[in-house]
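Enquirer: take this sequence and fold it.
(one chain, ligands or ions: 1)
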Amino acid sequence: MADTVYEVVNIGDKSWRIEENGVRVFLFEGADQSLLVDTGFGSGDLKSVVAKLTQKPIIVVNTHADSDHTGCNNQFDKIYMHPAEFAHYDEQGPRSAETAPVQDGDILKLGGREFEVILIPGHTAGSIALFDRENRLLVAGDSVSAAPIFMFGAFRSFQAYIASLNRLSEISGNIDSIYPSHGPFPVGPELIEKLIGAAGLVMKGGVEGVSPPFDIPAKMYMTGGVGFFY
Ligand SMILES: [Zn+2]
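Expert: Down below sits the predicted model:
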């Protein structure tokens, strides 16, 4: 498989975003090991791209199990995700990588750098964010994004989503940058409040749904520059 589907962008000291046609994964290297967050659509040889950037042992974590985040999982031996994602992940067919749990509050220690796992159900039942407190950055998966967020279908809950955003709001004073998987990069912590407001308005029926730009069984609800497919 070619690796030309990927665009690698340095985003700081030993940190990269790897862009793949509308989804991005992140790679962070510590003194002892590296963290790969998500594996994209699966259209190329992600493992080779990562191997060119870091020679450290790699921990692979999925922010959630939607197929645009797990596409290259089978190129790796072991994948961490929250156990509330296992049922969703099981729907995606055969896989070779071992699946292992991460829990809310777990600390992923890379050596000189660490990420805390924060469970933020809503977009999916076991969505997580990864919080690098020292560097004031949050890797948020699809849950905090300026691109419209998928909220229709199985495993998704607007009520849980709003509760999770409120939890992130409590730490937003300790965040400078949020790294989303889709859309503009990076985004600021003020987006959390915007999404809380927009989600509440959509749930109350206060936003008119329009036809989405692609064929999905949902409508698009946009308000204040953010939105949802629901
Ligand atoms: Zn996604």
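
Enquirer: wait, doesn't H64 sit right on F86?
Expert: No. Shown here, H64 and F86 do not form a contact pair, counting by CB atoms under 8 Å, at 11.4 Å. Glycine gets a C-beta too; all of them are placed from N, C-alpha and C.

Enquirer: of those two, who's got more company?
Expert: Ranked by neighbour count (other CB atoms under 10 Å), H64 and F86 place H64 first, with 27 against 14.

Enquirer: can you give me the distance of that one to L130?
Expert: Counting by CB to CB, to the nearest Å, the separation of H64 from L130 is 12 Å.

Enquirer: correct me, but S34 touches F28?
Expert: Yes. Using CB under 8 Å, S34 is in contact with F28, at 6.5 Å.

Enquirer: sketch out the low-pLDDT regions of the chain for me.
Expert: 1-3 (pLDDT under 70).

Enquirer: what sits in contact with each of S34 and F28?
Expert: Taking CB atoms under 8 Å, 6 or more residues apart in numbering as the contact definition, S34 and F28 share the neighbouring residues L110.

Enquirer: between these two, who's got more neighbours?
Expert: A side-by-side neighbour count of S34 and F28, using other CB under 10 Å, places F28 first with 27 against 22.

Enquirer: F26 contacts A140, correct?
Expert: No. Checked against CB under 8 Å, the pair F26 and A140 is beyond contact range at 10.6 Å.

Enquirer: how about the spatially most central residue of the chain: what's its closest non-neighbour residue?
Expert: When CA atoms, centre = their mean is applied to the chain, the residue found nearest the centroid is G141 (1.4 Å). Setting aside the residues directly before and after it, G141 is nearest to T63 in space (CB to CB, 6 or more residues apart in numbering), at 3.0 Å.

Enquirer: since that was my last question, I'll sign off now.
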